[in-house]
Each structure stands twice: as structure tokens, then as C-alpha cells.
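Peer 1: Make a model of this:
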Amino acid sequence: MIIHRLRSFAEYHRHAARLAEVHATRRQHELNLQLPHRTSFTVKGFSYPAKRMVDFIVDFQHGHGPLVNWREWLICPVTKLNNRVRACIHLLDSELGMTPDESAYITEQVTPLYTFLSRRHARLSASEFLGGDVPPGTVTPHGIRNEDLTRLSYPTASFDVAMSFDCLEHMPDPMEGFQEMARVIRPGGKLMWSVPFRHDLEANLVRASIATDGTVVHHHPPEYHGDPLNKAGCLCFTHFGWNMLDEVRRAGFRDAYALAYWSDMFGYLGTEQFVFVATK
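Peer 2: Residues are numbered from 1 along each chain as shown. Down below sits the predicted model:
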């Protein structure tokens, strides 16, 4: 896997200019993979979570026009994990060196990713957001814990590692989420997260906000993402830009950076994908 660590919009611009030909070659490779296909197809590669060669499943659903949304596809038939989730597991091991005995928190509990991680990490805590009327820390009869990222019920400095994958964009004020995760992570601990990211933008793109009367104001056409607890999906408030890293540092982390990665061997396609790491 090819990885670059980037800490600012300026660094990214230098990086993109230096690798312009490489990125063009990757885009052509990915285009060649999908051109003959009208519906679905497979791409052979090594699934890191499954520890074996597989035929990754690809579809054009939720794509960018006629092109595949690589980030959400390349699903491993063994683990049922897609491109971005498999890569996050890989990077938890290679970048964070996350060990089975560390205490960890993840902001999802009814997903294949949680199921996979819970088998490896005995000290893993997890939750879903069940609504503002349910007190944080409440556990349902089915064992689902409710947590609100703006007011987590966990004590300060509870975890060595925190993880949040494609969650923070659904918060009207994601800074509150970063601040709370900084609070519950121990000094020296790590946060890994992913969000819809616009690498071409310095500032965040605010798609929607909450007015003073509590109503939702749409600044761009409404965008809803899949939600395992709500068939209607979940509104996306923000597409993040590079200033997100400055916001994370202000939230209480001493360092924050992007991991720009790509691998045809592991099925991490999409020219270049991004996941983020912060150190308390």
C-alpha cells in the first residue's frame, strides 16, 4: 500500500503536483477496469481483513455519473467490508499499531466493521445514536448503547484509541464531536476517522445547518447517506476540506494529519483515498 502523510492544503498541492502523472495512470487503470461493464463486476485482490485473495464485488450504484464510486464498493465477499472500511482496518494496524489489549471506542455498533473489530479487541466499546430523547449511556434490551457525540457519557481519558468512520458529517457542529473525542482519549492516545472529504477545498463545504428556530437550512441540495438504523438515511451537513485538520488541533489534539493511500493489490482504488489520524 502506498501512503502519504499530509498536514495542510499547501502540502497537498505540492503532493498532487509531484504525483500528477502517477494519479493520471491510476485513473486510467481504474477506468479500464469498469469500461466493459454495464452493471456489476469483480476485481481480484488481497483482502487484508480476510487474509486471502478474493474477487472484490463492484457495482455502479451510488456512482459518480457513469463511473464507479470506488470508495463504497470493492466489497470483500468474505467479510462484507468495502474499500474504505477494509483500508481503515489495515491502517489501524499499520499506522496506529492498535493492539488487542488497548481500550478503544468506535461510533458504530450495528455494522460489519464493529462485528469484525469486536472479535479482535476485548476492550472495545461501541455505540449508535438513538436520538436526543434517549439519555447517553442507555443500553437497549438488544444491547445497543446510545451515545451523543456532543455529550459522551464516558469519563475523561477513558480510551487509548477512538474511531469514527463516516459519522461526523451528520453532525450540525462536528467540532463538538472532535472536542468530546479529545476529552475521552488519554494523553498520547489516537483518533482515526473518515469523512466525505474534498481534497480540492481548503475550507469545509457546509451543505446544511440548523437555524435558531431549530429548522434545517439547506445551502446545497440535500444529501442523505445510508443509516443502518433509519431506512430514510441520514442528512449530510458537511463535506470536509483541509481546514478540518486545524479544527481538530484546536479541539485538543497536538497533531492531526491525512493519510492519502492507494493500492491495486489490496483493492484500495479511487486514485487516492483519505483517512485521518490525530494524536492527543
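Peer 1: which stretches of this protein form helices?
Peer 2: Chain-ordered helices for the chain, with DSSP state H as the definition, fall at 9-18, 20-34, 83-94, 112-120, 174-184, 243-250.
Peer 1: Mean pLDDT and distance to Thr42 for those - can I get that in CSV?
Peer 2: C-beta here means a position set from N, CA and C on the backbone, and glycine is covered the same way. Putting the helices of the chain into CSV (pLDDT from 0 to 100; distance: least, Cβ to Cβ, whole Å) gives the following:
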stretch, mean pLDDT, distance to Thr42
helix 9-18, 97, 30
helix 20-34, 95, 10
helix 83-94, 96, 13
helix 112-120, 94, 19
helix 174-184, 96, 36
helix 243-250, 97, 34
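Peer 1: so which of those helices comes closest to Met53?
Peer 2: For those, proximity to Met53 was assessed by Cβ to Cβ; helix 83-94 is nearest, at 13.6 Å.
Peer 1: How far off centre is that closest one?
Peer 2: What separates the centre of helix 83-94 from the centre of its chain is 10 Å, taken as Cα atoms, centre = their mean, to the nearest Å.
Peer 1: how near is the closest residue to Glu147 other than its chain neighbours to Arg183?
Peer 2: Here the nearest residue to Glu147 in space, its sequence neighbours aside, is Ser127; by Cβ to Cβ, 6 or more residues apart in numbering that works out to 3.6 Å. Plainly put, Ser127 is 15 Å away from Arg183 if you go by Cβ to Cβ, to the nearest Å.
Peer 1: who has more neighbours, these two?
Peer 2: Legend: neighbour count by other Cβ atoms under 10 Å for Ser127 and Arg183, higher for Ser127 (24 against 16).
Peer 1: Relative to Ile75, how far out is the more buried one?
Peer 2: The gap separating Ser127 from Ile75 is 25 Å, by Cβ to Cβ.
Peer 1: same thing with Met163?
Peer 2: The spacing between Met163 and Ile75, counted by Cβ to Cβ, is 20 Å.
Peer 1: Give me the more crowded residue out of those two.
Peer 2: Neighbours were counted for Met163 and for Ile75 using other Cβ under 10 Å; Met163 has more, 26 against 22.
Peer 1: Is that one in contact with Met192, as I believe?
Peer 2: Yes - look at Met163 against Met192 with Cβ atoms under 8 Å: they come within range, at 5.2 Å.
Peer 1: so how many other residues sit close to Gly270?
Peer 2: Burial of Gly270 is recorded as 21 neighbouring residues (other Cβ under 10 Å).
Peer 1: Trp70 is in contact with that one, correct?
Peer 2: Yes - counting by Cβ under 8 Å, Gly270 does reach Trp70; the two are 3.8 Å apart.
Peer 1: if I look at those two, which residues touch both of them?
Peer 2: Residues touching both Gly270 and Trp70 (Cβ atoms under 8 Å, 6 or more residues apart in numbering): Glu30, Asn83.
Peer 1: re earlier: return every residue with contacts to both of Met163 and Met192.
Peer 2: Joint contacts of Met163 and Met192 (Cβ under 8 Å, 6+ apart) are Cys88, Leu92.
Peer 1: Cross-check the contact I'm expecting between Gly241 and Val206.
Peer 2: No - counting by Cβ under 8 Å, Gly241 does not reach Val206; the two are 10.3 Å apart.
Peer 1: more neighbours, the two?
Peer 2: When Gly241 and Val206 are compared for neighbours, Gly241 comes out ahead with 17 against 13, by other Cβ under 10 Å.
Peer 1: For that one, give me its contacts.
Peer 2: So, once contact is read as Cβ under 8 Å, 6+ apart, Gly241 ends up touching Phe9, Phe197, Arg198, Leu201, Glu202, Ala203, Asn204, Leu205.
Peer 1: Right, I'll call it a day here.
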